[in-house]
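Q: This is a predicted model, with the sequence first.
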Amino acid sequence: MGLDDKIKNAAQDIAGKAKEATGKASDNERLEAEGKGDQTAANVKQAGENVKDAFK
């Protein structure tokens, strides 16, 4: 996995956590769900990259 991919995944995860926290604080369920979705997407990408790395 390249460093760029790691940085992008980490940034997406952090952004998702921020959205989720903002959604909870403002009682905005849509924003909270969007944040959770961003975190899940980042985790899936990370897992895929880990699988690719395992077969190198």
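A: Thanks, I have the structure now.

Q: So which residues of the protein form strands?
A: Here the chain has no strands by DSSP state E.

Q: which residues of it fall in helices?
A: Under the criterion DSSP state H, helices of the chain are mapped to 3-25, 29-54.

Q: can you redo those helices as JSON lines with mean pLDDT and mean neighbour count?
A: All C-beta spots, glycine's among them, are computed from the backbone N, C-alpha and C. Below are the helices of the chain laid out as JSON lines (pLDDT from 0 to 100; neighbours: other C-beta atoms under 10 Å):
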{"stretch": "helix 3-25", "mean pLDDT": "95", "mean neighbour count": "14"}
{"stretch": "helix 29-54", "mean pLDDT": "94", "mean neighbour count": "14"}
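
Q: residues contacting residue 39?
A: By C-beta atoms under 8 Å, 6 or more residues apart in numbering, residue 39 lies in contact with 12, 13, 16, 17, 20.

Q: got the contact list for the second one?
A: It stands for residue 13. Shown in contact with residue 13 (C-beta under 8 Å, 6+ apart): 38, 39, 42, 43.

Q: please redo it, this time with the cut-off set to 10 Å
A: Residues near residue 13 by C-beta atoms under 10 Å, 6 or more residues apart in numbering: 38, 39, 40, 41, 42, 43, 45, 46.
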